[in-house]
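Sequence and predicted model, in that order:
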4 protein chains.
Amino acid sequence: MRARSSADKQDDQKGSSRTFTEAARRAQIVGAAIEVIAEVGYTKATFTRIAKQAGLSSTGMISYHFAGKDDLMREVVAEVFRVADGYMVPRIEAQPTASGRLRAFIESNIELLGEFPKHLPAVVEVLGNIRSDDSSMREFCAAMDSLVDTHTHLIREAQEAGEFGEFDPRVMALAIRGAIDGVVTRAAKVPDFDPVACGRELADLFVRATRKDAGKDAGKDNR
Amino acid sequence: MRARSSADKQDDQKGSSRTFTEAARRAQIVGAAIEVIAEVGYTKATFTRIAKQAGLSSTGMISYHFAGKDDLMREVVAEVFRVADGYMVPRIEAQPTASGRLRAFIESNIELLGEFPKHLPAVVEVLGNIRSDDSSMREFCAAMDSLVDTHTHLIREAQEAGEFGEFDPRVMALAIRGAIDGVVTRAAKVPDFDPVACGRELADLFVRATRKDAGKDAGKDNR
Amino acid sequence: MRARSSADKQDDQKGSSRTFTEAARRAQIVGAAIEVIAEVGYTKATFTRIAKQAGLSSTGMISYHFAGKDDLMREVVAEVFRVADGYMVPRIEAQPTASGRLRAFIESNIELLGEFPKHLPAVVEVLGNIRSDDSSMREFCAAMDSLVDTHTHLIREAQEAGEFGEFDPRVMALAIRGAIDGVVTRAAKVPDFDPVACGRELADLFVRATRKDAGKDAGKDNR
Amino acid sequence: MRARSSADKQDDQKGSSRTFTEAARRAQIVGAAIEVIAEVGYTKATFTRIAKQAGLSSTGMISYHFAGKDDLMREVVAEVFRVADGYMVPRIEAQPTASGRLRAFIESNIELLGEFPKHLPAVVEVLGNIRSDDSSMREFCAAMDSLVDTHTHLIREAQEAGEFGEFDPRVMALAIRGAIDGVVTRAAKVPDFDPVACGRELADLFVRATRKDAGKDAGKDNR
DNA sequence: GATGAATGAGGCTTCATTCAT
DNA sequence: GATGAATGAAGCCTCATTCAT
């Protein structure tokens, strides 16, 4: 609109501080939502509870910063994914082999429970309570499905490269996803939960299950 | 469901017909609840929707027959367990070996999706939306945990008997539970889903993962 | 559903009393809404105010009987139209000439203010605050427009039959509608308002304006 | 809107530039409000929407320049009246006869829809949604009523001067007002609306209705 | 003087539950 | 025992307004 002079640079600090304030509030609310969802579940994670957790005076505040509950939930999932990606991707990509990446994927995923104990449980809650026909969540669920598809594809590639044995890659992808979610939901509640050990165990499990030489006749010997 | 004996006919008149009618109504409502929960999810499974599905004209009917929503949900889970037990237990007990029982457990569980497509998804929805601190659900969640404990124990026994390899039995129990739930939730939605093939694949997977000789150094070769 | 025996006829009293009760409540709420809308205007006619006027304990009661605010408003307009039709149509159809019907239309419309002082103001409020793009009101506004179209058509027929002079029938229909609404909104507030006299005056006005012989050069003599 | 004199340029620097800026901002907001009200109606004309229309980043801006929503609405009506007066008054006063002035009043009023399509619809919306008991609107509605009174008075004078026939001047004033509002609200929405032709038709109508010689027995021939 | 984040009242709606009949 | 109308708490959301910066 208006030509910007060099004097405006000071405004930039104020200007972006506004944006910063906004972003900070949103982050604060998203953080509170993650806590509340993980603690009381998706159904009972009301704006009232989230506002109280965030130290806000009213639920109007949340509606002020988010277009609606769906929008907030989207941000919750996006934030968890951002954190998870930042933690997991480097560890996965550092591995040269398919089973190394599989192990890194599982272990780093479970290890996240150590640093961010509420993040994964929250996202499991949210994704478990969303229907793909909820209109506003359509794209979101599609992203979810495509993630499983991606894993399925990677598994198939490893099979074709001779790194994995023969099995249905889709069922395997689903099983890995489900097993991780199960551990996230159930195991994380016990007081002396050890993410590193548990992640290693789970990774061992699926490395065994995907090994090339291991399962030649595994499925047939006892039927 | 059950063949009616001549003795029942007398009941119809006045005597314990209340009880029979009562039981029929409860079963009808529980069945409707299972359908609705599987279709729209726990959150949107309101009394109104369930009543409509059951062909009832008011929600008062449900409150009349159940102490509350928790009570209904308890019955839903109990009913699914009753059906699942009836289907699975004979198949499991027919197996002489631990891995045979493991396979039978997984396969029969997934196969249930063929005969009762809504039962398992419904129970996964309910159990995923219940907190152990919900007062009235305390005992219920305890039962759930004890089920995983039972599996953990059985796995440990198989290990001690030399039938299974060495791994953390609790993580394995959790992984099996989670993988089945994941398949139930996700795979059951695809149109050409084949419960038998999928169950076999999943069973293969965990049979491989639990095999004694398979995983000697599985966990160490790529770290 | 169930075969009805003669004994059921007693139920009919109860049965239809249920329906009757329902209808009575709806009528009560619609009546309260008409009162409130006429008194405080469409914008401030909230469920809270309407519930209070109807002697109801909560706004939930209204939502219980009506699908939403739109639904209630539709009923309000429908009710007023029902009353207006019952009063006006016989009086209009009793007239053999076009100008007789025009007069009867206007006079009976205004006279309604005597018997139902809130009905017409309420409907003017509602129709003035509805947009045709409000989705749920689409059909409704279409009905409104078609009413003006009907009047336009009747006027044109009277012109072709030689009963009315020459003028744009659509503008005339709009003017009649607007003039009545104006009187309804403004004049009805004065304490000594005389509906009969006012109706006659307004009818005189439009009978003059539509007369065949009257306006040959009316529009040209002063420009 | 207004040509800026050289004197204004100095104002821009520091002096009364506040006042000028202030006035400009108010005019900008009032203009945006007129647009929004005409487009979405009074009820949905929120500060948020008006601010967006005005290119403002926050609603605080509006509250800053206006004492409240009532104040803004007052300004909206005042602005429309200012424009309408500037357009209509010269045209009316140029006419020597009462019916000439009546025609000029109606025609120029409708013609305004050509030059300022949103102004009249906006003011009809506002005035239709204001109650005289809204405290702060008291004086405002009084001004409205006095305007109708003025017209009533002018009509009576024309009658006494023998220029108009005999009829209730108040009902006539109300009918003219209502007919214009009806046309403004309804006709202005059709795509091929011709303000000049429509204004002439409406003026013809009321000139006929007020003619001295026309209606001697108009009201009696069909009752 | 201007900004935009924060507020809190109030709106509509849904829901499980209760109660008179 | 069964019905369905009534209830009231709670949820999400919108809005005009205020206030610190």
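Thanks, I have it.

Going by C-alpha atoms from here, please, whenever you check contacts or count neighbours.
Noted.

Nearest to the spatial middle of chain A, which residue is it?
residue A:81 (4.3 Å; Cα atoms, centre = their mean).

Which helix or which strand is home to that one?
helix A:69-93 (DSSP states H and E).

how about that helix against DNA strand F, any contact?
Yes. Helix A:69-93 reaches DNA strand F (Cα under 7 Å from any atom of the strand) through A:69-70.

Can you list the buried residues in that helix?
For helix A:69-93, the neighbour count (16 or more other Cα atoms under 10 Å in any protein chain shown) marks A:72-77, A:79-81, A:84, A:88, A:91-92 as buried.

Which of the helices or strands spans the closest residue to residue A:173 other than its chain neighbours?
Spatial nearest neighbour of residue A:173, excluding adjacent residues (Cα to Cα, 6 or more residues apart in numbering or on different chains): residue A:152 at 5.6 Å. If you go by DSSP H and E, residue A:152 is part of helix A:138-160.

and for that helix, what are the contacting residues?
The contact list for helix A:138-160 (Cα atoms under 8 Å, 6 or more residues apart in numbering or on different chains) reads A:74, A:98, A:131-132, A:164-166, A:169-170, A:172-174, A:177.

Residues touching stretch A:39-56, excluding its own?
A:28-29, A:31-33, A:36-37, A:57-59, A:61-62, A:118, A:122, A:125-126, A:129, B:43, B:129-131.

same check, this time on stretch A:193-211
So stretch A:193-211 is in contact with A:99, A:102-104, A:106-114, A:163-167, A:176, A:187, A:214-215, B:167-168, B:171-172, B:175, B:205-206, B:208-210, B:214-215, B:218-219, going by Cα under 8 Å, 6+ apart.

Would you list the buried entries among these?
Buried among those (16+ other Cα under 10 Å): A:99, A:102-104, A:106-113, A:163-167, A:176, A:187, A:214-215, B:167-168, B:171-172, B:175, B:205-206, B:208-210, B:214-215, B:218-219.

Give the full set of residues in contact with residue A:34.
When contacts are counted by Cα under 8 Å, 6+ apart, residue A:34 touches A:76, A:118-119, A:122-123.

Tell me the secondary structure of it, please.
helix (DSSP: H, G, I helix; E, B strand; the rest coil).

Quick check, pLDDT for it.
Looking at residue A:34, its pLDDT reads 97.

Can you tell me how far residue A:47 is from residue D:201?
Distance from residue A:47 to residue D:201, counting by Cα to Cα, to the nearest Å: 58 Å.

Sorry, slip of the keys, the one I care about is residue A:85.
From residue A:85 to residue D:201 the distance is 71 Å (Cα to Cα).

cool, and residue A:38?
From residue A:38 to residue D:201 the distance is 70 Å (Cα to Cα).

next one: residue A:167
83 Å.

Kindly report the same for residue A:203.
From residue A:203 to residue D:201 the distance is 86 Å (Cα to Cα).

ok, those two, which is more surrounded?
In this view residue A:203 and residue D:201 are compared by other Cα atoms under 10 Å in any protein chain shown, and residue A:203 has more residues nearby, 26 against 22.

Now do the SS call for the more buried one.
Per three-state DSSP, residue A:203 ends up helix.

Among the buried residues of helix A:69-93, which one lies nearest to chain D?
Comparing the buried residues of helix A:69-93 against chain D with Cα to the nearest Cα places residue A:72 closest, at 21.2 Å.

Near the closest residue to the closest one other than its chain neighbours, how many other residues are there?
In space, and not counting its chain neighbours, residue A:72 is closest to residue A:66: 5.9 Å by Cα to Cα, 6+ apart. Number of residues near residue A:66 (other Cα under 10 Å) recorded here: 17.

what about residue A:51, neighbour count?
20.

would it count as being in a helix?
Yes. Residue A:51: assigned to a helix according to three-state DSSP.

any idea how far DNA strand E is from it?
9 Å (Cα to the nearest atom of the strand, to the nearest Å).

Same check on residue A:107?
38 Å.

Regarding that residue, what is its secondary structure?
helix.

Give me the nearest residue to it, chain neighbours excluded.
Nearest one to residue A:107, counting by Cα to Cα, 6+ apart, is residue A:199 at 4.3 Å.

okay, the one you found: pLDDT?
For residue A:199, the predicted pLDDT is 96.

Tell me where the model's unsure across chain A.
A:1-18, A:135-136, A:213-223 (pLDDT under 70).
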